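Asks: Kindly return the folded structure for what I paste below:
(3 chains)
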Amino acid sequence: MLGFVLRRLLISILVLLAASVLAFAMVASLGDPLASLRAKNPPPSAEYFRERRAALNLDKPVIERYWLWLKGFSHGDMGRTLDGKSVSGELGAAFWVTMRMSIAATLMAIFLALLVGVYSAVRQYSVGDYAATFTSFVFLSMPVFWLALLLKRWAIGFVNHPSVFGWHPWHSTILYTTGQQSPTLPHSLFARMGDYAGHLILPSISLALITYASWSRYQRAEMLEVLDSDYVRLARAKGVKPRRVLVRHALRNALIPFTTVVAIDVGAVVAGAVITEYVFGWHGMGFEIVTAVRNYDTDLLLAWLMITGVFVIGFNLLADILYGVLDPRSHVT
Amino acid sequence: MRSVSRGSKLLALGLVVATVGVASCGKKSSNSSLPAKNTSCPTSSPAPKPLAAPTVPVSSIKPGGTVTYASDQEPTGWNVQTATDATADTAYLETGVWPQTFIVKPDYSVVMDSNLLLSASQTSSSPQTIVYKMNPKAKWSDGVPINAADFIYNWQMQNGTISNVDAASTTGYDQIKSVTGSDNDETITVVYKTPYPDWKSLFINMIPQHIYKNAAGWGTVDKDGNASGPMHNAAAPTVSGGVWKLQNYQPKKSVELVPNPAYWGAKPLINKIIVRFDVTDLAPAFQNGEINFAYPQPQLDIVNQFKQQANLKTFVNFGLSFEHIDMNLANPMLKQLAVRQAINYGLNRYELVKKTVGQFDGRASTLENRMWVNNQAEYVAHANACTDFNPEKAVKTLEAAGYKKGSDGYYAKDGKELSFKIITTGGNLLREQTEQIIVDQLQKVGIKIVIANKPGSAAFDPITSKQYDLALFAWVAAPFPSSNVSIYTTGGGQNWTNYSNKQEDALLKDMATTPDHATEIKDSQNADKILWQDLPTIPLYQKPTLLAYTNNLLNVRDDASVQGPLWNAQEWGTAKAQ
Amino acid sequence: MTELDRGPSLPDESPIIVQEMAAIESSATEASEGPEREFTVAARSQFRIVLRRFLHHKLAVVSLVILILLFFMSLFGGAMWKYRPTDETNDLSAPPSLSHPMGTDSSGHDYYALVLAGAQKSVEIALIVAVVTGVVGTAIGAIAGYYGGFTDSVLMRITDLFLVVPELVIFALLANKFASAGWEFLALSLAGVLWVYAARVIRGVFISLREKDYVEAARALGASNRRIIFRHLLPNATGPIIVNITVITATAVLLETSLSYLGLGVRYPDTSLGSLISIYQEASTTRPWLFYFPGVLIVLICLTVNFVGDGLRDAFDPGSRRVRA
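Replies: From the prediction side, this is the model:
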């Protein structure tokens, strides 16, 4: 197992390196980070341009620029954004903002997927199963931005309808539609947590609904397969209580492949979070990547890729390990 | 589940039937015939009156409370005197932060700030001499007095003396001969080389010289890549010379305006204005109590969404700014008067207003004067959008100039197609819609227009560097005609159309230097008449503003001049309980 | 993205394969009959079985009918409708009515014409992506899966690379540069990324198929690799390939509309369902027809594609519909 993990890690590092070369080449060939300065009227002096180019290493050959970046990065220096801020500071904050949404959405989606998947399998071909299947297909077919827009309008309309929470004496906001937190945070820890949660609810529900749909389909298929297996039949034949069969025998085994699917899909969840952030005006990784791409900000873009890359690869590795640990039949070599 | 499925099937089938059902009607004929002229033209336009100032007395207002204002655009930097940072939204934010000798009220009257100055008056007309007397209590928030040194610095910054400042406009300042301080620098004497009738428009948004005089630049990045310069976007100025003070700036998110503790005049009644830059979806944010004040670009759906909310007050107002099309005369085809005339004849501005701003306010009308807007007393219509629209004339003008219609319906001459790019602020729905109407209308007279927008503030880069064909944007005017000098004079700082006409230059020069107000107005009208003949620009409409706030706020009144909605924020508050 | 590789893999002894094996055995003895007949017979009988199973899946059949109508309407409806998207009528911001089934916008454009134009772009892009990924992805996936070795390693490393670099970033970078390149470029760049996912699925199918007894048998009888791939493996992989294409089609629609919503996809003068939603996202309570119609159409297209895909999966692979004993 250790050898497997080490080998995978090595490959992952190589892949990350290749990705950074690819991204660097793309950014370097596609755009000029000083384009917006160039368009200024009156244009800044030629000397100023020289200074800027030197500061950004733009006067050096592409290969040397890449080497300088790599050298800095391997020493933990992620460089600076075009407007001079530290990339690690910018992305460090943004990463946790996006994580907040991604983790909340993933937990919600797992809960929903298990609930719906197991129910659909146990009550196969019932009205409930059909309804659940249809619903998950609808969410599977919905663009995340449209769902987010719908949810925002409907939830806010509902919460603020006088007949819903009209009775509460303090008219304070419960759910928020903009940003990951209020511009001025309350002082007490408890109130601050409430503020975070209020901002988190609508975006993470949008993301969770898009995500759970395929997971529940997968869980249903796995459950059906397990329920049909010999050992479950045997357990039933022995007279084990149906509830115990379902939980101890069936669900436990169906969870093994489910776990790996969730781990592999984490990358897709983060990608969905980028669009959801856009709709809800969050300033997380999605905002940073849009900024980086728009300005051809090499340092910011590469650091962004490395952080998400490590994250995605990490979860894929975790998926493989989990599979190995949970399923005794599999043998990783 | 079944019913849902059936519903969607019916919907789909319905669509197909609708499609196939009309197929037999045949294709609509192509644009072989020109569009018809406007049939019924109104005789007079119902121009909305400027607003008066609000009148709730301070004594009946309860102090305290926070206003959360969703701003349309984040400042690119904090010195609105520079071309880079001179955006309307930045000016709105800073209207109570930097000292201003005169402010423009909602009814366009120009009033001296009596907290800052004891008096300001013209003491001699030859040479024109203005004497400002400072209020001795007037101090920057760090205790340094506001005095002649600041006047001198702000003058030099805008007359080209200080080279690292890219001044937005040098009009007026470049006519000043000297600025001198006396009486412990509390009396400032400004002497003009040539008379400048609009002297009240100068010395506004003054920045503190004692802080910025020695600063290296206006938001530069040094060799190590560190952001520096006190006006850089990353750091909002902490010093104030007005009622409000900026604090807690979080780039891309928000900044706060809090009462300046060192202010010597009347203190604001509310505790804080939180200015947010991240609110893109205003209506739910209002409904949800996340914001309670907004001043967005008006657009049909936004106006109607606001009006749906019972606890909001929504006002559409018509201000001093106007939308217009700039034509870059550096383009060899746009250089020809015939082409510009054809564009003017082919453009149905009357219809355009009806389909854009007319949709949410019936008072909207076309603008027929570049110097004065519809609701100013001096306004005179020098054109008539409704009757000027004449597709036949457009086509004839082009053909007389040697253009021939190609097989694709567009005119061409010497193998070059009559085709132009148009740019505007991408993401601004009203402007994008206006653009599309322009494209459609001009296509019908055989002129091809291609949309080439850039998002946000980047949209203005090609305009200010004069690399465009057609541009759609607004001029935010002060109520002084001299602000037009730099736009239409040969080689003027904001003359982005490369327009040049000696007669126009002479009229504008006379307008800006005559001591006689009546002559000034007469010159401005004649200058506009020439512009209607030469057509470097085509004005479209006086731009509506949209102000919305929760109805518990009192004393809010839009100042649709350069001051914006926060001009009297110190008087805002909620009603005292009876 | 990752739902692409989620089709249940082919069970070991599905009836199709048994059927195939019979056909192979007979063809092996009657080699003189020529390969065409062998192939057509097997294909037709398989086709008939699959068709019969598919027709039993009512939701899938209904979806297929709707889908065909939607595609037809999107591709040709615009040309038949009485208004062009650029035509301006005198009805400004009118709600849906008989003359304007989806209402009008503030300039008086017939919104049905605009939605049809948007749907046309979305569907055209999706179809290009489906064809390109179907061909390229299947070819590369088949080669990698069957031969293994170098091709396989390269494919797997490319897959890893795409796993790390989110496609959104690639498109955003390209879109910035090629703002004027048009929607065809967008379609090809979408295909340029999505083929990887298709190839990965097909590779998996081929790896499991190449170990089958009948392949061993064919090989022992001296069949060339080419023959094995084209005569034996490809027909057996038809199910997963088609299902895979349906999933990619739905993904392409969702991806393209999302990009267009963000302003990175289809641009004016072309329009897409995503750009329409982006323009009218403020209109959901004031002029709801402008917001809801394009969105509902996206969902309808993807939903029917997914249902058809689901029906096909069941039809090709009845194992997934096992009834609980």
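Asks: quick one: B:N375 and B:L51 touch, right?
Replies: No. Using Cβ atoms under 8 Å, B:N375 is not in contact with B:L51; the gap is 9.8 Å. All C-beta atoms are positioned from the backbone trio N, CA, C, and that covers glycine.
Asks: What residues of the helix or strand where A:A268 lies count as buried?
Replies: Using DSSP states H and E, A:A268 sits in helix A:252-280. By neighbour count on 16 or more other Cβ atoms under 10 Å in any protein chain shown, the buried set for helix A:252-280 is A:253-280.
Asks: What about chain C: which of these touch it?
Replies: Subset of the buried residues of helix A:252-280 in contact with chain C: A:261, A:264-265, A:267-268, A:270-271, A:274-275, A:278, counting by Cβ under 8 Å from any Cβ of the partner chain.
Asks: now, the most widely separated pair of these?
Replies: Farthest pair in these (Cβ to Cβ) is A:V261 and A:Y278. Separation: 26.3 Å.
Asks: ok so, going back, against which helices or strands is the helix holding A:A268 packed?
Replies: Counting contacts by 3 or more Cβ pairs under 8 Å, 6 or more residues apart in numbering or on different chains; DSSP states H and E, helix A:252-280 packs against helix A:87-122, helix A:144-159, helix A:189-227, helix A:285-295, helix A:298-326, helix C:167-177.
Asks: Pull the contacting residues for residue 322.
Replies: In the absence of a named chain, this looks at chain A. Applying Cβ atoms under 8 Å, 6 or more residues apart in numbering or on different chains to A:L322 gives the contacts A:259-260, A:263.
Asks: sorry, should have said chain B
Replies: Contacts of B:F322 (Cβ under 8 Å, 6+ apart): B:367, B:370, B:373, B:474-475, B:477, B:539-543.
Asks: Kindly recompute the last result at 7 Å.
Replies: Counting by Cβ atoms under 7 Å, 6 or more residues apart in numbering or on different chains, B:F322 makes contact with B:367, B:373, B:474-475, B:539, B:541-543.
Asks: Most neighbours among these, which one is it?
Replies: Greatest neighbour count in the contacts of B:F322, by other Cβ atoms under 10 Å in any protein chain shown, goes to B:Q542: 31 neighbours.
Asks: List the beta-bridge partners for that residue.
Replies: B:F322 (DSSP bridges).
Asks: looking at it, it is touching B:N317, isn't it?
Replies: No. Here B:Q542 does not reach B:N317: they are 10.1 Å apart, not a contact under Cβ atoms under 7 Å.
Asks: Work out which residue lies at the spatial centre of the chain.
Replies: Because you didn't say which chain, this covers chain A. Nearest to the mean C-alpha position of chain A, by Cα atoms, centre = their mean, lies A:V270 at 1.8 Å.
Asks: meant chain C, my bad for not saying
Replies: C:T249 (2.7 Å).
Asks: separation between the residue of chain C positioned farthest from its centre and C:L194?
Replies: Most distant residue from the mean C-alpha position of chain C: C:N90, 40.0 Å away (Cα atoms, centre = their mean). Distance of C:N90 to C:L194, given as Cβ to Cβ, to the nearest Å: 44 Å.
Asks: do B:L337 as well
Replies: Taken as Cβ to Cβ, the span from B:L337 to C:L194 is 53 Å.
Asks: what about these two, which has more around it?
Replies: C:L194 (26 against 14).
Asks: buried residues in the helix or strand that contains that one?
Replies: For C:L194, the element it lies in under DSSP H and E is helix C:183-210. Across helix C:183-210, burial judged by 16+ other Cβ under 10 Å covers C:183, C:186-187, C:189-207, C:209-210.
Asks: Likewise for stretch B:51-70?
Replies: Those would be B:51, B:61, B:67-70, for stretch B:51-70 by 16+ other Cβ under 10 Å.
Asks: now stretch B:334-346
Replies: Quick answer for stretch B:334-346 (16+ other Cβ under 10 Å): B:334, B:336, B:338-346.
Asks: Can I get those in JSON lines including secondary structure?
Replies: Listed next are the buried residues of stretch B:334-346 as JSON lines, based on DSSP: H, G, I helix; E, B strand; the rest coil:
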{"residue": "B:L334", "secondary structure": "coil"}
{"residue": "B:Q336", "secondary structure": "coil"}
{"residue": "B:A338", "secondary structure": "helix"}
{"residue": "B:V339", "secondary structure": "helix"}
{"residue": "B:R340", "secondary structure": "helix"}
{"residue": "B:Q341", "secondary structure": "helix"}
{"residue": "B:A342", "secondary structure": "helix"}
{"residue": "B:I343", "secondary structure": "helix"}
{"residue": "B:N344", "secondary structure": "helix"}
{"residue": "B:Y345", "secondary structure": "helix"}
{"residue": "B:G346", "secondary structure": "helix"}
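Asks: Which member of those is positioned nearest chain C?
Replies: B:G346 (14.5 Å; Cβ to the nearest Cβ).
Asks: My read is that the closest one contacts B:A394, right?
Replies: Yes. Using Cβ under 7 Å, B:G346 is in contact with B:A394, at 3.9 Å.
Asks: Which neighbours do the two have in common?
Replies: Shared contacts of B:G346 and B:A394, counting by Cβ under 7 Å, 6+ apart, come down to B:V445.
Asks: following the helix holding C:L194, which helix or strand comes up?
Replies: helix C:213-220.
Asks: what's the spacing between that next one and its chain's center?
Replies: Here the centre of helix C:213-220 is set off from its chain's centre by 32 Å, with Cα atoms, centre = their mean, to the nearest Å.
Asks: How about that helix, which residues are buried there?
Replies: C:214-215, C:218.
Asks: Repeat that for stretch B:345-359.
Replies: So for stretch B:345-359, counting by 16+ other Cβ under 10 Å, buried means B:345-359.
Asks: so where does the residue nearest to the centre of chain C fall, helix or strand?
Replies: helix C:234-261.
Asks: if I look at the closest residue to B:Q341 other than its chain neighbours, how far off is B:N501?
Replies: Leaving aside its sequence neighbours, B:Q341 sits nearest to B:T397 (Cβ to Cβ, 6 or more residues apart in numbering or on different chains; 5.2 Å). Using Cβ to Cβ, B:T397 is found at 20 Å from B:N501.
Asks: just B:L472 next, same as before
Replies: Plainly put, B:L472 is 23 Å away from B:N501 if you go by Cβ to Cβ.
Asks: So for those two, which residue has more residues nearby?
Replies: Ranked by neighbour count (other Cβ under 10 Å), B:L472 and B:N501 place B:L472 first, with 24 against 18.
Asks: So the more buried one, which state does it fall into?
Replies: Applying three-state DSSP: B:L472 is strand.
Asks: doesn't B:E435 make contact with it?
Replies: Yes. Under the criterion of Cβ under 7 Å, B:L472 makes contact with B:E435 at 5.9 Å.
Asks: and for those two, which residues touch both?
Replies: In contact with both B:L472 and B:E435: B:422, B:424, using Cβ under 7 Å, 6+ apart.
Asks: On the strand side of things, show who the nearest residue to B:K267 once chain neighbours are set aside bridges to.
Replies: Using Cβ to Cβ, 6+ apart and skipping the chain neighbours, the partner closest in space to B:K267 is B:P259 (5.5 Å). Beta-bridge partners recorded for B:P259 (DSSP bridges): B:W244.
Asks: How many neighbouring residues does B:P259 have?
Replies: 19.
Asks: secondary structure element for B:K313?
Replies: Per DSSP H and E: strand B:312-327 holds B:K313.
Asks: List the buried residues of that strand.
Replies: B:312, B:314-327.
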